[in-house]
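Colleague: For reference, the sequence and a predicted model appear below.
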Amino acid sequence: MEALIDKLGSLWPEIVLLMGAVSCLVTGLNHNPLARKLTPWVAALSIGVASLLVAVVPPAGAHPLGFDGLPGFIKLITLGIALLLLGLAAGVPDALLQHRKTESSPIFDAGNSVKGEFYAFFLLSITGVLLTAGATDLVWLFLALELVSLPTYIMIAVTRDTKLAQESAVKYFFLGAMSAAVFLYGFALIYGATGYTEFDAIRSLVAETGPTPLLIVGVILSVLGLCFKVAAVPMHVYAADVYQGAATPVTAFLAFVPKTAGFVGLMLILGLVGWPLPPVLVAMLAVIAVLTMTLGNVLAAVQSNLKRMLAYSSIAQTGYLTLGLIAGPVAGAAVSLGEGVAPVTQPTGNGLAAILFYLPAYGLATIAGFAILAALWVDRGENPDPDDDEAQTFDAVSGLWHRHPFLAALLVVSMLSLVGLPPLAGFIGKVMLGTSIAQAGLIPLLIVLVINSAISAAYYLRVVIVCFFGDDAEATHVRPTPLRFAAAMVAAVGALALGGYAGAPLAQSAHEAVRGHAVANETPAVADASE
Amino acid sequence: MNIAQFVIPLQLFLPVIFAFGLLLPIPALSRRRVAWSYSAVTSALSFGMSLFVASQFDWSNPVMQLQASFVWMPSLGLEFGYGVDGISIWLVMLTTFLMPIVVLGSLIEVDHDMRTFHFWLHILEAALIGTFIATDVLMFYACFEFTLIPLFFLIGLFGHEKKLKAAMTFFYYTFTGSVLTLAGVIYVAYRYAEIHDGRWSFQIAELYTMANHLSFTEQCWVMLAMLAGFAIKTPMFPFHTWLPLAHTEAPTAGSVDLAGLVLKLGPYGLLRLAIPMAPAAAIAFAPYLGAFACVGIVYAALVCWVQRDAKKLIAYSSVSHMGFCMIGLFAFDEGNIGAAGAIFYMLAHGLATGGLFLCVGMLYDRFETRDLRKLGGLATEMPLFSFFFVLFVLASVGLPGLNGFVGEFLTMIGTFNSPDGVLGPVFAIVAASGVILSAIYLLFLTGKLIWGKEKHPGYSRKYDIIHEHGVDPTHVHGLSRREIATLTPLAVMCVVLGVFPGIVLNSLEGKNGPVEQMLAQAKTYIDYDANAVAWEQGELFDDDGLSASDADQEPVELVQQKVRRLVESDQREETLDLLITEATRGNVEYRVESSLVTTGRRQVGSGEDEPDLAERNRLLDSFVSETPAFLSLERVNFPKTGAE
């Protein structure tokens, strides 16, 4: 009972988000138009309070896998980016036909609006990420991961008046359910192999006996299932269709939130076995990484739809991130930063720190890209179907530079950061991933990484080319949505700042968050030597 | 706080500040003339700044100095590290010198978005300066890579007919090469971290020490990775195919910057990073690189001969001329004449080819054509232009008394004197035939354009509209005052460097000069084949470098125990073998007489006072042939045990 209460005590941010979700339901479907109007602000307020709580409330104590700072780090990053995503998503339910009809009618019919649900599900999904980060138990991890995904199925289905959205929601749901079955099976095997669901018990058992074959099979299945969440080969097939079908702000959400949860889940599951990973896992992850980045990049290069291109690009980025999983954490050498400054350990070479750095770096750049798409609409003239005004193709951003130089500049920053061009966040992220994979001694993977960066330049640059040198797209207009501009601007500036001075503290805290695992691994070895 | 600390960062950030000045919401800046004048003044200020840097520079001892570093990501081992030595200061000065000139020369050609144009021009200047002054390898790489962005926009927005294709080809081609360079750099840094207990560093000076620790195979891979980026940038035959398109389609300012400055990043990168970090591979690759360079010299010269487009001809001539840079760089001759000549040649080529591109740009401004079949006999119509054009052509050809001659002569002398097994007289002879060919095609170009029957398609309307002083062809002998101001500094420098090459060469040569510092390590490997010390026996360089040093590497304590046991049991052969292998890995050190064998037989001697070659060989012999008593434990040093 004590333990449960302690545990609950560390869950204040999640509790606040849940309260926010319920409040959104109340205000979003309220008869009072002012309350309805305030719904996004209620959501923003609860995210703000939750992040304050994460910052203020001390962490729950030692993490069973040594990832002491991981929950706090992931929670802060996710909540920060969730604010951006909210800025992007605000107004999505208001644009729906049903909602507009019932808004303009004298009596508001709550049954015809999804305004409450949308923001509530948004917050629930974010809550899922926070819970995933805090998971210390397989069952908890499973439930948390499902909490991330379930709301997104609905968010996709209800936010666009088009059959495409429903189709992609159904696809996403069925494939998601299948992947959940796969990783639940994996979890069950891990439980079968060890007899525990708690991470600390499994970890200490593995430390004693070494990983058994059954445990490895369980981990393999879990990894495969989680590949769905991060959109990695072979569970990537849904990405392009789902990203295209969802409303652009929701696509941005899908590109970051489930991926973050998935990578946290992967870290935790692989952390049960510990680094260096058994060869079979290294081989599997290496194959996944190479296939994912290559396939993603090659397929992205042939797309004519920007949303599909960004979907494949997000698959490719998952491939890069997978390299960090193979490399794993290192304790890092102590370096002095000069007189009077406490010496720190170097994050360079730490694969998990690279993932934790790259996730927000990638997230910011991708969100900036989607935000600019979301800020545009295309006048299709004789085809007044309201769902079809989304800017999706290369043609829609053609010549953007001449009409909206500011948006074009933001788009360029976002694309170049995704390429990994210095001095942007993507460059630092790729250097961190590259150094970590080199540290693991897997030089061929480093070569694959840089070659894929070169391939990716082709299609990211195409956006820049179209945007700067293309003919003006007369039909494209800018939506009067200042929040989306703000989100795009903050995201692009963030991508710029993380490549500069702001990157250092982020990389450092990412490293501190996970280095405990590597230190814990080293300690027994030293003890052995002294015996 | 010393003033010297801020000189170099200021040099870097001035162009950035000036560039962002152009973005200020001042309506007047949108006017062509205003933006142009602003840019001319600011780029001149940057040049003034570089003169100030030169005044702060200690020319008597031109090693890396005026160093400054600012935190970037200190814990990652990243920092903004700057400094200049006798090599980079000249390239910085060339950069800042050419910038005001291209600004002056680009008034007519750029007929839209003058502000954007000059913004990117300043950013390009900053990126180039950043590459030349970086003392941190990632800083170097970041700036090196970043030059692509301004050039992409300069070519894509302001180029000629096929500008988009040119910009894309240029970007993809060079980006693909340079990501491999990044992989090579990361590999060297990773090996550094492996030896230094997991501490990563990206400082160039620190990574130089890795030359002793990389096996020959590893060095070859590192060299290949670096070449992927730098040989494409240089460009070395057969990786030159991006160049003619990019140079021809770029606006004049872009062409001048590409040929005069961006191409120099390639040889500079090889000299600064590749040769010192992979010295043995540099020696081993030299004959092949020399062969490619020679083929490039002749091939590109022949291609030039048949060009009908004046600008394309000059673009191909860059390929040919940069071949001289490459053979000079990889000559490794006794007095470093080749490498010093290569650096001199970089400057000379920047000035002369820059001048030629500007001249062709002026023709295009007037006649909107560069077709040699439509132009001719301009000597009567534009006598002053003809004077400058002929001067630059002669400087390019290598007429004694002009700068090109010094560079070509020195690189060929260096190649000729190159030791056996590296380059040699054959390479020099082939390169010399390139000189003859370059005389043929450049004089052919001159003959067509300047002499012969006068013909041109008439002045363009654009020139009419934007005319500066009317279209009166007799006006200052066919050139406007602005154009004279553009070309004169280049012409003066061509002559000055041709007559007094010493002002540049003095800072490069010398026993402790910057060039010697870059090449010294590599030159110790020249004799390996002759001495047959272990190179072929595979003792020194474990050819399975990776598997031997990574997979099979035993813990240091274990190795040291083994050494102790062997030394005590007096098994001489085995002990020697083990010592040599472990010493190359840095696990043990062994003292021979008063000196220290730090890394096996590769580097004997300690610290500052390096014994000369004979002394070193003697030490080596003594190491091998000493009596067993020599192998006493007192002489074995266990660096890591000592620390614990």
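Modeller: Yep, it's here. Residues are numbered from 1 along each chain as shown, chains lettered A, B, ... in the order given.

Colleague: Could you verify that B:Gly81 is part of a helix?
Modeller: No - counting by DSSP: H, G, I helix; E, B strand; the rest coil, B:Gly81 falls outside a helix, being strand.

Colleague: okay, it: pLDDT?
Modeller: Confidence at B:Gly81, expressed as pLDDT, is 80.

Colleague: which residues does it contact?
Modeller: Shown in contact with B:Gly81 (C-beta atoms under 8 Å, 6 or more residues apart in numbering or on different chains): B:67-69, B:134-136, B:139, B:203-204. C-beta coordinates here come from the backbone N, C-alpha and C atoms, glycine included.

Colleague: let's go with 7 Å and repeat that
Modeller: Residues in contact with B:Gly81, defined by C-beta atoms under 7 Å, 6 or more residues apart in numbering or on different chains, are B:69, B:134-136, B:139, B:203.

Colleague: One more: A:Asp109?
Modeller: When contacts are counted by C-beta under 7 Å, 6+ apart, A:Asp109 touches A:Thr102.

Colleague: Now the stretch 51-200 of chain A against chain B: closest residue?
Modeller: A:Gly69 (15.1 Å; C-beta to the nearest C-beta).

Colleague: Nearest spatial neighbour of that residue, chain-adjacent residues omitted?
Modeller: A:Ala513 (3.2 Å; C-beta to C-beta, 6 or more residues apart in numbering or on different chains).

Colleague: secondary structure element for that neighbour?
Modeller: Using DSSP states H and E, A:Ala513 sits in helix A:503-530.

Colleague: The residue of the stretch 51-200 of chain A closest to chain B and A:Arg515 touch, don't they?
Modeller: No - counting by C-beta atoms under 7 Å, A:Gly69 sits too far from A:Arg515 to count as a contact (8.6 Å).

Colleague: Can you tell me which of the contacts of B:Gly81 is closest to chain A?
Modeller: Each of these was checked against chain A using C-beta to the nearest C-beta; the closest is B:Met139, at 8.9 Å.

Colleague: Tell me how many other residues crowd the closest one.
Modeller: When neighbours are counted by other C-beta atoms under 10 Å in any protein chain shown, B:Met139 registers 26.

Colleague: do B:Val393 as well
Modeller: The local packing of B:Val393 (other C-beta under 10 Å) involves 26 other residues.

Colleague: Need the residues that contact the helix or strand that contains it.
Modeller: Taking DSSP H and E as the definition, B:Val393 sits inside helix B:383-397. With contacts defined as C-beta under 7 Å, 6+ apart, helix B:383-397 is touched by B:317, B:352-353, B:355-356, B:359, B:362, B:378-379, B:402-404, B:438-439, B:442, B:446, B:449-450, B:476-479, B:484, B:487, B:491, B:494.

Colleague: and that helix, what's its mean pLDDT?
Modeller: Here helix B:383-397 scores 91 as its mean pLDDT.

Colleague: Check which residues of that helix are buried.
Modeller: When neighbours are counted by 16 or more other C-beta atoms under 10 Å in any protein chain shown, the buried residues of helix B:383-397 are found to be B:385-397.

Colleague: Quickly name whichever of the residues you listed is closest to B:Thr241.
Modeller: B:Ser396 (22.0 Å; C-beta to C-beta).

Colleague: How about the residues of the stretch 251-400 of chain A by chain B?
Modeller: With C-beta under 7 Å from any C-beta of the partner chain as the criterion, the stretch 251-400 of chain A meets chain B at residues A:330, A:332-333, A:335, A:337, A:344, A:346-349.

Colleague: of all these, which two lie farthest apart?
Modeller: Distance extremes for these: the farthest pair is A:Val330 and A:Leu337 at 18.8 Å, using C-beta to C-beta.

Colleague: who's more crowded, the two?
Modeller: Applying other C-beta under 10 Å to A:Val330 and A:Leu337 shows that A:Val330 carries more neighbours, namely 29 against 13.

Colleague: I'd say the more buried one and A:Asn350 touch.
Modeller: Yes - if you go by C-beta under 7 Å, A:Val330 and A:Asn350 touch, sitting 5.0 Å apart.

Colleague: Could you measure from the residue nearest to B:Glu249 when sequence neighbours are not counted over to chain A?
Modeller: In space, and not counting its chain neighbours, B:Glu249 is closest to B:Ala166: 3.5 Å by C-beta to C-beta, 6+ apart. Separation of B:Ala166 from chain A (C-beta to the nearest C-beta, to the nearest Å): 12 Å.

Colleague: same question, B:Met346
Modeller: In terms of C-beta to the nearest C-beta, B:Met346 sits 24 Å off from chain A.

Colleague: any idea which element that residue lies in?
Modeller: Assigned by DSSP H and E, B:Met346 falls within helix B:337-367.

Colleague: So for chain A, which residue is the most central one in space?
Modeller: Nearest to the mean C-alpha position of chain A, by C-alpha atoms, centre = their mean, lies A:Phe256 at 2.7 Å.

Colleague: ok so, going back, return the subset of the contacts of B:Gly81 lying in helices.
Modeller: Among the contacts of B:Gly81, the members falling in helices (DSSP state H) are B:Met139.

Colleague: and the helix or strand A:Thr292 falls within, what does it pack onto?
Modeller: Per DSSP H and E: A:Thr292 is located in helix A:279-301. Applying 3 or more C-beta pairs under 7 Å, 6 or more residues apart in numbering or on different chains; DSSP states H and E, one finds that helix A:279-301 contacts helix A:213-230, helix A:306-327, helix A:443-469.

Colleague: How about it, which residues are buried there?
Modeller: Across helix A:279-301, burial judged by 16+ other C-beta under 10 Å covers A:281-282, A:284-286, A:288-301.

Colleague: and if you look at stretch B:108-122?
Modeller: Within stretch B:108-122, the residues scored as buried using 16+ other C-beta under 10 Å are B:108-110, B:113-122.

Colleague: contact partners of it?
Modeller: B:15, B:18-19, B:22-23, B:29-30, B:32, B:35-36, B:39, B:103, B:150, B:153-154, B:157-158, B:251-253, B:361, B:365, B:463, B:466.

Colleague: ok, residue 313 - how many residues close by?
Modeller: Answering for chain A, as no chain was given. So A:Ser313, with other C-beta under 10 Å, has 30 neighbours.

Colleague: wait, chain B
Modeller: Other residues near B:Leu313 number 25, with proximity taken as other C-beta under 10 Å.

Colleague: thought it was touching B:Cys304?
Modeller: Yes - when contacts are counted by C-beta under 7 Å, B:Leu313 is listed as touching B:Cys304 (5.1 Å).
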